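Asker: coordinates for the following, if possible.
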Amino acid sequence: MKYIVLIFFMLSCMGLFGQSAKKPDESRFTKVVLDNDLNEPMELAIADDGIIYYIERVGHLNSYDPITNKKKRVTTLNVRSTAEDGLLGLALDPNFLNNRWIYLYYGNPILQDKDYTNVLARFELTDSGLSNKVEMLHIPLIHEGVNHSGGSLAFDNKGNLYLSTGDNTNPFESGGYSPSDDREGHLRFDALKSSGNTNDLRGKILRVHPESDGTYTIPEGNLFPKGMAGTRPEIYVMGCRNPFRISIDNRTGFVYWGEVGPDAGRDSLNRGPKGHDEINQARKAGNFGWPLFVGDNKPYYKFDFEKKLSEGVFIAEKPINFSRNNTGLKELPPAQKAFIWYPYDASPEFPELGIGGRNAMAGPVFYFDDYSHMEGKFPAYYDKKLFIYDWMRGWIFATTMKPNGDFESLERFMPNEEFNHPVDMVFNANGVLYMLEYGTYWRAKNTDAKLVHIEYNEGNRKPIAKISADKVVGAAPLKVHFSAKGSFDYDKNDSLKYEWFFTQNSKAQAIGISPNFTFTKKGDFKCKVRVTDTKGKSNENYITIRVGNEPPTVNLFWQNNRSFYFGETEINYEVKIKDREDKTIDFKRTKIDFHYLPEGEDLAALMSTGEKVFKGKTLMEQSDCNACHALKNKSVGPSYTEISKKYTSKDTEKLMQKVVDGGGGIWTKDHVMSAHPQLLKEDVQEMISYILSLSKPSPQIKPKGTVKLNHSQGNYVMVARYTDSGGLTGQDILRLRPARLMTIDADIFKGVSKKNNAVGSLMSYNENEAWISFKNIDLSGIKSLKISLFSPKLEGNIEVRIGSTTGQLIAKIPVNGTGNEENFSSIVQTNGIQNIFFVYKEKSGSISIWKRLDLKWIEFKK
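Answerer: Residues are numbered from 1 along each chain as shown. Purely as a prediction, here's the structure:
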């Protein structure tokens, strides 16, 4: 019996019994930012001593020590970072702690016999940077007008080094289908010269064994034996398009990689299948089909680019490289199917992966008992699961496999967490997941590009710390009220302790959830709250207080009622500004916008932000548009501003079709826009409307002048802003609306319900002394009110009060119980901005379904 208990205990500790069956709650995982503001982070590797090394495409090699929480710029390499090249790949030697060898793959800045190359090189890491460079392998390239560089590096447990390379091909003249154009002068449009060429190192995953003298040997089991005519022995996998991120399962020896696929949004009857991204699994050396096949060996047609005719589909069991640019074998190894594949639109095989842009990448396979039992280690539930992720869609999935490695199922990992273009991930020796996030825009230095780790809290979880302040800027002395309200602990029984650090003091300067602190000196103060639970687990959050400059005061003087407009008219205005520090107001720092918003446009967003918000802009931010486009600066594609200057509203249908179908050739021949067949037509139209609006005249007006009101419906909004010499901004916002308010737009109400009937929406009073209220109404110049109501058999009065339901009575409007009524009342002369309440007082008995009061609109009259 005691042996059974012992076995049970051992299995439980190993995570092989019971513990692995239950999926852990997402709240037990915490993402922690370690470094940010990176310049195109690419790949990371973690040494056995825990130091994280990570690279940026422009040439930076960095290290991060998780013990001291300090980042170091190791060096900046001179690399050629043109097109998609740059510092792309990083791997540490298996014996790194002893020999300090680090392997990098990058764009060679020095031409080799007038040719461009990417180079695999070994360096020695020293206290002062990198030294003793040995160039191990050069990959010759076409440089102008091509794409796809790959560049990932990884070691297996036998000391073999893997390098992924892209097909070095321009995909933009093949319609998003197979780029196999072997016509004279079209070399860069033919992937059969590279991916499908057994004698070329591009479009491959190479496998070599580095030797101590800086050379390499060829391990057994590569795709072609050394010395075989028409082949390169370094090739382990061929038929790749852009294998951007690879991963090695050191238990099985399986190689995983994400294959960034072609761009066609639809299947073609004479070209072949639409584009798919792939997650691939190579159990041994093989050909994975590109550019003749995609996905699960969906075949392309052999296409005559001169005659624009198809000549039959390719055969997976016997692929033929027919290209005149082929320098290798004509008959290729049989094509292998992808492990997972998915298009832009919904995948019938893998619907969990969603829709949208695609950039598939492969992460590690997690083995629970490969890692020491340390705090933060991932749970046994993820044992033997492969982590995959998509740069464009921002998701991570855990892939469950059968014992033989076959696919079984997918499930989303941390679906409520935002991952901003994940670009690499790896587990450290403690089983904590480290990740690089590329940031919002492609080919840009993003402030939200970062190094993070994700840790698992098996027992007691850290509290979640929140922080806010009633003022974040101001002149000294500045009294600030802080709050940690909203902080919480997933472990409900934990009580929380709050410690506050306002200056550089190492000791807490206040305790409690909402302290006050007065800053007496100028400066920027990074204030911190530390929230600790009863078991000692803590978390921190920060807010910066800037002391030394008082925000400016902006007042918009308007020579009329500040709530309503009354037909067509011209009104004088003037913006006046006061600033404590600026002796003279510089009106070049002033921005005054005057907007007209038709009914239905997003007024709330404009009022809260001071900027007009377009639905199309919001839809674009939620899509993948910003990965390739920016507002004013050219990115992969043209800026939105450039597009708005080139096209007009007459081009809307053409532009909508381009967004859905994808394509290129208008702005550049180097890149093509991805297809978006998953987008709704009306959403695409909103996006195009926003882009075209960028070339319309600016709503900006002068600090003093006259504006013309020439609409009878909709809203006018004037926004006045001033940014002082210290960088602080003050603003005043004026909103004008029609003088007839629909009651369903009431800001607050009680005892009243919204109701729909044949004449539209209205407010139905359900009890005596029920009320509705409109906030911040300017009653200046208002002399009377008119109300549209319906009241069968109910008699009483609507009392109009300001401030509250019992505030000053300024009008009393009769309810006569005769059905549909439009009743008037003069009001007590009242000036200024008021909260106005409409309170019903009945005198004929209780309200019922037969005796009720419905209000449709209220009109304010001068």
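Asker: tell me where the stretch 251-400 of the chain has strands.
Answerer: 255-259, 277-282, 286-287, 293-294, 298-299, 301-304, 309-313, 340-342, 360-366, 385-390, 396-401 (DSSP state E, counting those that start in this stretch).
Asker: now render these as a markdown table, adding mean neighbour count and mean pLDDT.
Answerer: Yep, even glycine has a C-beta here, placed from its N, CA and C like the rest. Converted to a markdown table, these look like this (neighbours: other C-beta atoms under 10 Å; pLDDT from 0 to 100):
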| stretch | mean neighbour count | mean pLDDT |
| --- | --- | --- |
| strand 255-259 | 28 | 97 |
| strand 277-282 | 26 | 98 |
| strand 286-287 | 20 | 98 |
| strand 293-294 | 28 | 98 |
| strand 298-299 | 18 | 97 |
| strand 301-304 | 18 | 94 |
| strand 309-313 | 12 | 92 |
| strand 340-342 | 26 | 98 |
| strand 360-366 | 25 | 98 |
| strand 385-390 | 25 | 98 |
| strand 396-401 | 20 | 98 |
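Asker: could I get those in JSON lines, plus columns for distance to Asn823?
Answerer: As requested, the strands of the stretch 251-400 of the chain are exported to JSON lines (distance: least, C-beta to C-beta, whole Å):
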{"stretch": "strand 255-259", "distance to Asn823": "70"}
{"stretch": "strand 277-282", "distance to Asn823": "66"}
{"stretch": "strand 286-287", "distance to Asn823": "84"}
{"stretch": "strand 293-294", "distance to Asn823": "72"}
{"stretch": "strand 298-299", "distance to Asn823": "72"}
{"stretch": "strand 301-304", "distance to Asn823": "76"}
{"stretch": "strand 309-313", "distance to Asn823": "77"}
{"stretch": "strand 340-342", "distance to Asn823": "63"}
{"stretch": "strand 360-366", "distance to Asn823": "67"}
{"stretch": "strand 385-390", "distance to Asn823": "62"}
{"stretch": "strand 396-401", "distance to Asn823": "62"}
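Asker: below-threshold pLDDT in the stretch 1-150 of the chain: ranges please.
Answerer: Applying pLDDT under 70 to the stretch 1-150 of the chain picks out residues 1-21.
Asker: go again with 50.
Answerer: 1-20 (pLDDT under 50).
Asker: quick one: strands adjacent to the top strand by length along the chain?
Answerer: For the chain, the strand with the greatest residue count under DSSP state E is strand 129-141. Here strand 129-141 is paired, per DSSP bridges, with strand 116-126 (antiparallel).
Asker: now the strand it pairs with: buried residues?
Answerer: 116-123, 125 (16 or more other C-beta atoms under 10 Å).
Asker: returning to what we had before: who wins for proximity to Lys31 among the strands of the stretch 251-400 of the chain?
Answerer: Among the strands of the stretch 251-400 of the chain, the nearest to Lys31 by C-beta to C-beta is strand 396-401 (11.0 Å).
Asker: relative to strand 360-366, how tilted is the closest one?
Answerer: 60 degrees (axes from the mean of the first three to the mean of the last three C-alpha atoms, to 10 degrees).
Asker: right, and the helix or strand after strand 396-401?
Answerer: strand 407-412 (DSSP states H and E).
Asker: packing partners for that following strand?
Answerer: The elements that strand 407-412 packs onto, with contact taken as 3 or more C-beta pairs under 8 Å, 6 or more residues apart in numbering; DSSP states H and E, are strand 396-401.
Asker: the strand it packs on pairs with which strands, and in what direction?
Answerer: In the sheet, strand 396-401 lines up against strand 385-390 (antiparallel), strand 407-412 (antiparallel) (DSSP bridges).
Asker: and these: which comes nearest Lys485?
Answerer: strand 407-412 (31.1 Å).
Asker: and the helices in the stretch 601-750 of the chain?
Answerer: With DSSP state H, counting those that start in this stretch as the criterion, the stretch 601-750 of the chain has helices at 603-609, 615-622, 640-646, 652-661, 681-693.
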